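*Asks:* Quick one: sequence and predicted model below, then my questions.
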Protein chains: 2
Amino acid sequence: MGLIVQKYGGTSVGDAERIRSVARRVARYRAEGHEVVVVVSAMAGQTDHLLALAAQVADLPDEREMDVLLATGEQVTISLLAMTLIGMGCPAVSLTGFQARVCTDDAHTRARIKEVETERIRTALGDGRVVVLAGFQGISPSGDLTTLGRGGSDTSAVAVAAALGADACEIYTDVDGVYTTDPNVYDRARKLERVSYDEMLELASVGAKVLQIRSVEFAKKYGVPIHVRSSFSDAEGTWVVEEDESMEQVAVAGVAYDRNEAKVSVRGVPDRPGIAARIFGALAEKNIVVDMIVQDVGEGDRTSMTFTVPQADLKRALSVIEPVAEDLGTAEVSADTGITKVSIVGVGMRSHAGVAARMFEVLAREGINVLMISTSEIKVSCVIAEKYTELAVRVLHDAFGLGGERPGGSA
Amino acid sequence: MGLIVQKYGGTSVGDAERIRSVARRVARYRAEGHEVVVVVSAMAGQTDHLLALAAQVADLPDEREMDVLLATGEQVTISLLAMTLIGMGCPAVSLTGFQARVCTDDAHTRARIKEVETERIRTALGDGRVVVLAGFQGISPSGDLTTLGRGGSDTSAVAVAAALGADACEIYTDVDGVYTTDPNVYDRARKLERVSYDEMLELASVGAKVLQIRSVEFAKKYGVPIHVRSSFSDAEGTWVVEEDESMEQVAVAGVAYDRNEAKVSVRGVPDRPGIAARIFGALAEKNIVVDMIVQDVGEGDRTSMTFTVPQADLKRALSVIEPVAEDLGTAEVSADTGITKVSIVGVGMRSHAGVAARMFEVLAREGINVLMISTSEIKVSCVIAEKYTELAVRVLHDAFGLGGERPGGSA
């Protein structure tokens, strides 16, 4: 008996048969006595279809209108799921983002949820209905439709769960949980039973794309337990929860990698105050997110700066940096897209010494050169040549004891 | 210089190229100094696509949820048209039915507009923007999405034009106006320059499907001049306006026909008070619209009743009538779908005597038997065997002098 928020992604509601399958699960939860709020994404492929329509009529579609367009995707899914439930004899009502009062700021196509006014949801639950809520969308202070950006339905689900004080937020997806590393890269990857919010944030930010980062931040802030699980089975998935003692006993919880970064070097930069501010200020102005930054110990009055940006932003980044470099006189800019960032993540690092050193040693033993390093309290990241990605992931996974037998026996 | 409401149907916005073509016309009107509100339907085929999706998940989809689903069709169109306009440098903003405060009752899938609160539309016009409004949809008193039924976008356009006190409401469609009869049936059909609201209502109700009936009622009530015209040319179409003297000079403005009726006869009915009430009360309870009704002069203590219903409702009508007839004892029910209703319409009938007689004479001369007759102030309708449809339309068209040379010479 409890209040459960369930979120189903686009693949899980991709056609009529899958919608019926979701409806059966939802109806079962309700029959067991739970109150259920279901948050759904657009049917798989629908958002791309809408983006393609927009591309046919405008080169750079207006963002307010883009949100009006994209919001239809989830609206189709909520109505179909609600009518399926009602057809099965399970009372249900669909609510769009504006009807459920999912209030956001007015940053179209990447809005942030400010508040969820739950009155209408609570009334419907009180009437014994399942509430089927459109994820990914909200309403701005001026009454315009907004969307939260790709993956935003996760955030919708967690925000609603937080606002309702739900007992759990179940995220149904096409994988069955969070793994120690990408099973496509290493078949000894193991499903984690539990992972802390902070570990999940670091894993998500370095490329494990199971949950949208913002949804995990939200869950952490409001203490919402997330259960990531498969929409194709009833097996337990991975719980994303508050950190506890058992998590601290292992140094490393997972190994992640990200091939989508590019490395930019600016050499021959005058070694005086204000230069870094100028370079990174120019990038920030263009909304380009810089990840790792390394400044060399200078030689004479010159130094070098190296940083990483998303590959998708590289062209724009160079067009911003090159004029600045030219302006500085002798500076010289180069870029490299053939890199990967490999990271080990674990809250246990706080209490286990020498984790970073062990990582460097393992990579060195395989002859893998480390190009850049960055560390946080619970993560160590190394930039290496892209060709070593799989090798690095596998040797680190083994070195930190993540492997072991996979459930169901040896691969 | 004026305030113009333009409505474009599904064919007119059926693909990106047509949306661009609509946008060019809208932008031109604005450049000429007009304030423009554009009301659009779902892209051609979209509503059927959504209905098919619903049919996949539920046998009898919940009507509230059906409205949530169908409302996405127009929402896609408004966003695409608005972003096209903005991309052309023409300031525009899309508004859904709920954003524009198109307030309806809560009769889902066939809601009626109660009021349009124009504040947000006026503000946007005042800012120099074109307002692109979703037709066919509104919002109920409880904040639920509603739709107005097939063809409802016409009504949306006229209602908005009335609420704004617009100078004209232009209905763009895939025909270039209202004709004296169906050009597919008779190539001497002529485009009418002007037609009165009442004539348009009679023509629409007997099968000339250019405008939704309710939109004409709305236009008549609020005196909104409607201009029906082609979205593929700039030629003048047909104005639907207040009746004037010129219209009264001709007896008949047009000949219409409707093949979608079925004739039901109930014979051997006891000739006593209350029987008709019982039969038609039973039909009304099932929301079946009865059009023509004829009761024979009885023979002895028995009489017969004959009436027409839409063919689509025939099965349901019979299932209602048969038990009643059985209950009455000797009554016997028969049905005929091989009929057509042919009508002549014209405000001039009020002042021209003998119009009905002339109609019967013309039909009789061709050996066409009249099965039922009904008349109104400005219309005479005859039910005939379906096989005579084209013949009847042509001879009536000629007999009342509607032919003449077609524009552009003889056919």
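*Replies:* Yep, it's here. Not measured: the values here are computed from a predicted model. Residues are numbered from 1 along each chain as shown, chains lettered A, B, ... in the order given.
*Asks:* can you give me the helices in chain A?
*Replies:* Assigned by DSSP state H, chain A shows helices spanning A:16-31, A:46-57, A:63-87, A:119-126, A:152-164, A:197-205, A:213-222, A:245-248, A:275-285, A:314-327, A:355-365, A:389-399.
*Asks:* Now distance to residue B:322 and mean neighbour count too, for the ones you listed, in CSV please.
*Replies:* Every residue, glycine included, has its C-beta placed from N, CA and C. Listed next are these as CSV, based on distance: least, Cβ to Cβ, whole Å; neighbours: other Cβ atoms under 10 Å in any protein chain shown:
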stretch, distance to residue B:322, mean neighbour count
helix A:16-31, 37, 18
helix A:46-57, 47, 17
helix A:63-87, 30, 26
helix A:119-126, 42, 16
helix A:152-164, 52, 27
helix A:197-205, 66, 24
helix A:213-222, 60, 21
helix A:245-248, 74, 13
helix A:275-285, 78, 15
helix A:314-327, 74, 16
helix A:355-365, 84, 16
helix A:389-399, 75, 19
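*Asks:* Adding distance to chain B and mean pLDDT, write those out as CSV.
*Replies:* Output for those, formatted as CSV (distance: least, Cβ to the nearest Cβ, whole Å; pLDDT from 0 to 100):
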stretch, distance to chain B, mean pLDDT
helix A:16-31, 4, 97
helix A:46-57, 4, 95
helix A:63-87, 4, 98
helix A:119-126, 8, 97
helix A:152-164, 17, 96
helix A:197-205, 31, 87
helix A:213-222, 25, 92
helix A:245-248, 42, 85
helix A:275-285, 24, 88
helix A:314-327, 21, 91
helix A:355-365, 48, 94
helix A:389-399, 40, 96
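*Asks:* Just put those in TSV and tack on distance to residue B:320.
*Replies:* Converted to TSV, the helices of chain A look like this (distance: least, Cβ to Cβ, whole Å):
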stretch	distance to residue B:320
helix A:16-31	34
helix A:46-57	42
helix A:63-87	26
helix A:119-126	36
helix A:152-164	47
helix A:197-205	62
helix A:213-222	55
helix A:245-248	69
helix A:275-285	72
helix A:314-327	69
helix A:355-365	80
helix A:389-399	72
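*Asks:* what sits against residue A:227?
*Replies:* Applying Cβ atoms under 8 Å, 6 or more residues apart in numbering or on different chains to residue A:227 gives the contacts A:168, A:169, A:170, A:171, A:236, A:237, A:238, A:239, A:240.
*Asks:* And for the closest residue to it other than its chain neighbours, the neighbour number?
*Replies:* Computed as Cβ to Cβ, 6 or more residues apart in numbering or on different chains, the closest residue to residue A:227 that is not its neighbour in sequence is residue A:170, at 4.7 Å. Neighbours of residue A:170 under the rule other Cβ atoms under 10 Å in any protein chain shown: 24.
*Asks:* between the helices of chain A, which gets nearest to residue B:162?
*Replies:* When the helices of chain A are compared by Cβ to Cβ, helix A:63-87 sits nearest residue B:162, at 25.2 Å.
*Asks:* what sits against the closest residue to residue A:232 other than its chain neighbours?
*Replies:* Distances taken as Cβ to Cβ, 6+ apart put residue A:174 closest to residue A:232, at 7.3 Å, once the chain neighbours are dropped. The contact partners of residue A:174, by Cβ under 8 Å, 6+ apart, come to A:9, A:11, A:12, A:230, A:231, A:232.
*Asks:* Any of those residues buried? List them.
*Replies:* A:9, A:11, A:12, A:230, A:231 (16 or more other Cβ atoms under 10 Å in any protein chain shown).
*Asks:* Nearest to chain B among the residues you listed?
*Replies:* residue A:12 (14.4 Å; Cβ to the nearest Cβ).
*Asks:* Any figure for the gap between the residue nearest to the closest one when sequence neighbours are not counted and residue A:176?
*Replies:* Closest residue in space to residue A:12, ignoring its immediate chain neighbours: residue A:231 at 3.8 Å, by Cβ to Cβ, 6+ apart. Separation of residue A:231 from residue A:176 (Cβ to Cβ, to the nearest Å): 9 Å.
*Asks:* Likewise for residue A:201?
*Replies:* From residue A:201 to residue A:176 the distance is 21 Å (Cβ to Cβ).
*Asks:* quick revisit: contacting residues for the residue nearest to residue A:227?
*Replies:* A:4, A:5, A:6, A:7, A:226, A:227, A:229.
*Asks:* what pairs with the second one across the strands?
*Replies:* When bridges are called by DSSP bridges, residue A:5 pairs up with residue A:37, residue A:169.
*Asks:* wouldn't the residue nearest to residue A:12 be in contact with residue A:10 here?
*Replies:* No. Counting by Cβ atoms under 8 Å, residue A:231 does not reach residue A:10; the two are 10.7 Å apart.
*Asks:* Quick one: neighbours of residue A:242, just the number.
*Replies:* By other Cβ under 10 Å, 13 other residues sit near residue A:242.
*Asks:* Tell me the confidence at it?
*Replies:* At residue A:242, the pLDDT value in this model is 93.
*Asks:* Neighbours of the closest residue to residue A:70 other than its chain neighbours, how many?
*Replies:* Leaving aside its sequence neighbours, residue A:70 sits nearest to residue A:147 (Cβ to Cβ, 6+ apart; 5.1 Å). Close neighbours of residue A:147, defined as other Cβ under 10 Å, add up to 28.
*Asks:* any idea how far residue A:147 lies from residue A:63?
*Replies:* 9 Å.
*Asks:* if we can go back for a sec, please tabulate the contacts of residue A:174 in JSON lines, including the columns pLDDT.
*Replies:* Output for the contacts of residue A:174, formatted as JSON lines (pLDDT from 0 to 100):
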{"residue": "A:9", "pLDDT": "92"}
{"residue": "A:11", "pLDDT": "91"}
{"residue": "A:12", "pLDDT": "92"}
{"residue": "A:230", "pLDDT": "91"}
{"residue": "A:231", "pLDDT": "86"}
{"residue": "A:232", "pLDDT": "85"}
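*Asks:* quick one: contacts for residue A:193?
*Replies:* By Cβ under 8 Å, 6+ apart, the contact list for residue A:193 reads A:236, A:238, A:239.
*Asks:* Leaving out sequence neighbours, find the closest residue to the last one.
*Replies:* Meaning residue A:239. Spatially, and ignoring its direct neighbours in sequence, residue A:239 is nearest to residue A:194 (4.8 Å; Cβ to Cβ, 6+ apart).
*Asks:* Does the one you found touch residue A:236 like I think?
*Replies:* No. Using Cβ under 8 Å, residue A:194 is not in contact with residue A:236, being 10.4 Å away.
*Asks:* Compare neighbour counts for the two and give me the winner.
*Replies:* Taking neighbours as other Cβ under 10 Å, residue A:194 and residue A:236 compare with residue A:194 leading, 17 against 13.
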